[in-house]
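Asks: sequence plus predicted model, see below.
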Amino acid sequence: MGSFVLYLILGLAAGIVSGLVGVGGGIIIVPALVYLFGMSQHHAQGTTLAIMVPPIGLLAAWTYYKAGYVNLMVAILVCIGFFFGGLLGAKIAVSIPSGLLKKVFGAVIVVIGFYMIFEK
């Protein structure tokens, strides 16, 4: 029962961060599943992708849409690209060792973080 509550708390925290700054799944949930819950990198990434299958961000997106902050054409085009890109990325990810996958994941987060911090 304790893990059940912890998973709910993780989802709540990731949802708050996602609604606040537009990130959550990859940045919050994947590392938490690996380091707090002991999942392998493959399991954490697969589980996080499964979370995104239902319209998980629908209420947050609706809030932004009502405030005039959603470009629907961009969202549709990126969604189509994400749909097929996710398939390709998943096929690559399941074929590489977990240790290498962790390093790739970490490097992507670090590069994006540096870019955002030092952007003019």
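Replies: Looks like it arrived, so ask away. Residues are numbered from 1 along each chain as shown.

Asks: and the helices in this protein?
Replies: For the chain, applying DSSP state H gives helices covering 2-21, 30-35, 41-51, 58-66, 72-93, 98-118.

Asks: which elements pack onto the second one?
Replies: The reference is to helix 30-35. On a contact count with 3 or more CB pairs under 8 Å, 6 or more residues apart in numbering; DSSP states H and E, helix 30-35 meets helix 2-21, helix 41-51. For every residue, glycine as well, the C-beta is placed using N, CA and C.

Asks: quick one: the worst-scoring helix or strand of the chain on mean pLDDT to helix 41-51, angle?
Replies: Lowest on mean pLDDT, DSSP states H and E among the helices and strands of the chain sits helix 2-21, with a mean of 84. Helix 2-21 and helix 41-51 are oriented at 70 degrees to each other (axes from the mean of the first three to the mean of the last three CA atoms, to 10 degrees).

Asks: dump the C-alpha coordinates for helix 2-21 into CSV.
Replies: Below are the C-alpha coordinates for helix 2-21, written out as CSV (Å, rounded to 0.1, in the frame of the first residue of the first chain):
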residue,chain,number,x,y,z
GLY,A,2,2.9,2.4,0.7
SER,A,3,4.2,2.1,-2.8
PHE,A,4,0.7,2.8,-4.1
VAL,A,5,0.7,6.2,-2.3
LEU,A,6,4.2,7.0,-3.3
TYR,A,7,3.4,6.4,-7.0
LEU,A,8,0.4,8.7,-6.6
ILE,A,9,2.6,11.4,-5.0
LEU,A,10,5.2,11.0,-7.8
GLY,A,11,2.4,11.5,-10.4
LEU,A,12,1.1,14.5,-8.5
ALA,A,13,4.5,16.1,-8.3
ALA,A,14,5.3,15.5,-12.0
GLY,A,15,1.9,16.9,-12.9
ILE,A,16,2.5,20.0,-10.9
VAL,A,17,5.9,20.5,-12.5
SER,A,18,4.5,19.7,-15.9
GLY,A,19,1.7,22.2,-15.6
LEU,A,20,4.1,24.8,-14.2
VAL,A,21,7.0,24.6,-16.6
